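Colleague: quick check, what structure comes out for this input:
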Amino acid sequence: QVQLVESGGGLVQAGGSLRLSCAASGSIFSINAMAWYRQAPGKQRELVADISSGGRIFYADSVKGRFTISRDNAKDTVYLQMNSLKAEDTAVYYCNADVATPLATTLWFNYWGQGTRVTVSS
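Modeller: Numbers count the residues shown, from 1 in each chain. The predicted structure is shown next:
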């Protein structure tokens, strides 16, 4: 089994910063793409940013220039540095990863974390 555990959420004032972390653990052979999604109340879950194993990065237009995604492959961890936060960034943030296990090294399975809540007060 593979687990993704997020941390770093909380309450912050508009204009502030937060850093989210997501650590993968369990039966891991390798990790391909890692990503952050978010889901605001009453809205669909949306992709915020993702990063490939080789470092290729995508950002949603709404966070470009304010958020930075990074990963530490040695620690199987992905980060999301969020600066200049806005009220509209309020959401539950979910970590997502494509993982291959030792029993099936060429098959990628998609995993989700349990989410961490970010609340930005205006």
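
Colleague: mind listing what's buried in the worst-scoring helix or strand of the chain on mean pLDDT?
Modeller: Taking mean pLDDT, DSSP states H and E as the measure, the helices and strands of the chain show their lowest mean at strand 104-112, namely a mean of 94. By neighbour count on 16 or more other Cβ atoms under 10 Å, the buried set for strand 104-112 is Tyr111. C-beta: built from backbone N, CA, C; applies to glycine.

Colleague: direction included, what does it pair up with?
Modeller: When pairs are called by DSSP bridges, strand 104-112 turns out to pair with strand 91-101 (antiparallel).

Colleague: A helix includes Ser62, no?
Modeller: Yes: judged by DSSP: H, G, I helix; E, B strand; the rest coil, Ser62 forms part of a helix.

Colleague: give me the phi and psi angles of the closest residue to it other than its chain neighbours.
Modeller: In space, and not counting its chain neighbours, Ser62 is closest to Glu88: 7.6 Å by Cβ to Cβ, 6 or more residues apart in numbering. Main-chain torsions, Glu88, degrees, to the nearest 10: phi -70, psi -10.

Colleague: averaged pLDDT, the helix or strand that Arg117 is a member of. What do you get?
Modeller: Assessed by DSSP states H and E, Arg117 sits inside strand 116-121. Taken as a whole, strand 116-121 has an average pLDDT of 98.
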